[in-house]
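*Asks:* This is the structure alone, sequence omitted:
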């Protein structure tokens, strides 16, 4: 296991080199849609992406692949905040921002989850609101000519986020996206980029409720909120379901709308509360105690919430736990 002082020294060197590269790296834009994951889609940029060779030294001693433990990340985290605490992020880049996003992540030794089908569900829906596999493939095809090879090899790309909450009928025109369709999406992704891990944000117990054998889907996603009850009992069941289906497991907290109300911090949805620092540490520790966990992500970045001193302290503690977690692959 990598020792703390070695990690800290690596981060210090990384920051120095990243500072020198900073003028060349264009960060991805932040979007703050309160209804769900958002990302980097933006107008075309004219600055050329940082060449692979220009960041080789910056990433050589601390890349996503060689970083200790599992990623500690958030949806829509500004890439400028990546460092020793926040070691990854979820992004929805477009074809103009993609390479700049990857270069910026690599320069920080980060691990990024990419959603390549767009920041809005509307891009992949039929006129009646149901899911369109055809439209989803068209969105993903925007990137088919891009070789992700070096970013996969060095671990900058943690995985391809296929779809959000396929089980939720209210999200998909009253009709859930079947497990077989999720597997077909994973197959399509693998046809384009065989080395890219495929992820879906849905709890493994739903994936396990189908008799389907998952060949192309690599990992499920268990996002906890206080309303789900005892966190240890809940994540144990989800980990068991993932193991049963031969899937990896991303663990996650809904820090903005998933609290029990004790924080007094109102969430972005009516009647919902953000997690307190105590909740963060309690729930997060329960999730990180699962050895099957291959990544830890929070929904979602808020400058006000993330900027609180008590929340910063709690996140730093959880990040340390993620750093010393057994290094687990999302591809089981």
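*Replies:* The structure has been received and is ready for your questions. From a predicted model like this one, the values you see are computed outputs, not experimental measurements.

*Asks:* Residue 152 - nearest residue in space that isn't next to it in sequence?
*Replies:* Sequence neighbours aside, residue 195 is the residue nearest to residue 152 in space, at 4.6 Å (criterion: CB to CB, 6 or more residues apart in numbering). To be clear about C-beta, it is placed using only N, CA and C from the backbone, and glycine gets the same treatment.

*Asks:* ok, now which ones touch residue 245?
*Replies:* 204, 207-208, 213-214, 220 (CB atoms under 8 Å, 6 or more residues apart in numbering).

*Asks:* one more time with 10 Å, if that's ok
*Replies:* Going by CB atoms under 10 Å, 6 or more residues apart in numbering, residue 245 touches 179, 204-205, 207-210, 212-214, 217, 220, 332.

*Asks:* how many neighbours does the residue nearest to residue 152 have?
*Replies:* Using other CB atoms under 10 Å, the number of residues around residue 195 comes to 12.

*Asks:* repeat for residue 285
*Replies:* Residue 285, neighbours per other CB under 10 Å, totals 14.

*Asks:* Can you list the helices and strands that the helix or strand harbouring residue 223 packs against?
*Replies:* Element membership for residue 223, per DSSP states H and E: strand 219-224. When contacts are defined as 3 or more CB pairs under 10 Å, 6 or more residues apart in numbering; DSSP states H and E, strand 219-224 sits against strand 157-164, strand 198-201, helix 204-208, helix 231-244, strand 248-254, helix 277-288, strand 293-299.

*Asks:* I'd like the ones you listed as CSV, with mean pLDDT and distance to residue 107 appended.
*Replies:* CSV is the format used below for the helices and strands packed on strand 219-224 (pLDDT from 0 to 100; distance: least, CB to CB, whole Å):
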stretch, mean pLDDT, distance to residue 107
strand 157-164, 98, 14
strand 198-201, 98, 23
helix 204-208, 98, 33
helix 231-244, 98, 32
strand 248-254, 98, 24
helix 277-288, 98, 27
strand 293-299, 98, 20
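
*Asks:* follow-up on the earlier one: quick one: which of the contacts of residue 245 is nearest to residue 226?
*Replies:* The nearest member of these to residue 226, counting by CB to CB, is residue 205 at 18.2 Å.

*Asks:* That closest one against residue 247, yeah?
*Replies:* No. Contact criterion CB atoms under 10 Å: residue 205 and residue 247 do not qualify, at 11.2 Å.

*Asks:* between these two, what contacts are shared?
*Replies:* Shared contacts of residue 205 and residue 247, defined by CB under 10 Å, 6+ apart, comprise 220, 241.

*Asks:* Quick check on the two: which one has the bigger neighbour count.
*Replies:* Remark: of residue 205 and residue 247, residue 247 carries more neighbours, 25 against 18, as counted by other CB under 10 Å.

*Asks:* and that one, what is it in contact with?
*Replies:* By CB under 10 Å, 6+ apart, the residues touching residue 247 are 199-200, 204, 207-208, 214, 217-221, 241, 292, 294, 330-332.

*Asks:* now the nearest residue to residue 121 once chain neighbours are set aside: how far from residue 148?
*Replies:* Closest residue to residue 121 apart from its sequence neighbours, by CB to CB, 6+ apart: residue 171 at 6.6 Å. Applying CB to CB, to the nearest Å, the value for residue 171 to residue 148 is 28 Å.

*Asks:* about what we covered before: and the contacts of residue 245, which are buried?
*Replies:* Neighbour-count burial (16 or more other CB atoms under 10 Å) applied to the contacts of residue 245 gives 179, 204-205, 207-208, 214, 217, 220, 332.

*Asks:* With distance to residue 312 added, can I get those in JSON lines?
*Replies:* Below are those laid out as JSON lines (distance: CB to CB, whole Å):
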{"residue": "179", "distance to residue 312": "39"}
{"residue": "204", "distance to residue 312": "31"}
{"residue": "205", "distance to residue 312": "33"}
{"residue": "207", "distance to residue 312": "34"}
{"residue": "208", "distance to residue 312": "36"}
{"residue": "214", "distance to residue 312": "38"}
{"residue": "217", "distance to residue 312": "35"}
{"residue": "220", "distance to residue 312": "29"}
{"residue": "332", "distance to residue 312": "33"}
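
*Asks:* in stretch 168-180, what's buried?
*Replies:* For stretch 168-180, a neighbour-count test (16+ other CB under 10 Å) marks 171-173, 176-177, 179 as buried.
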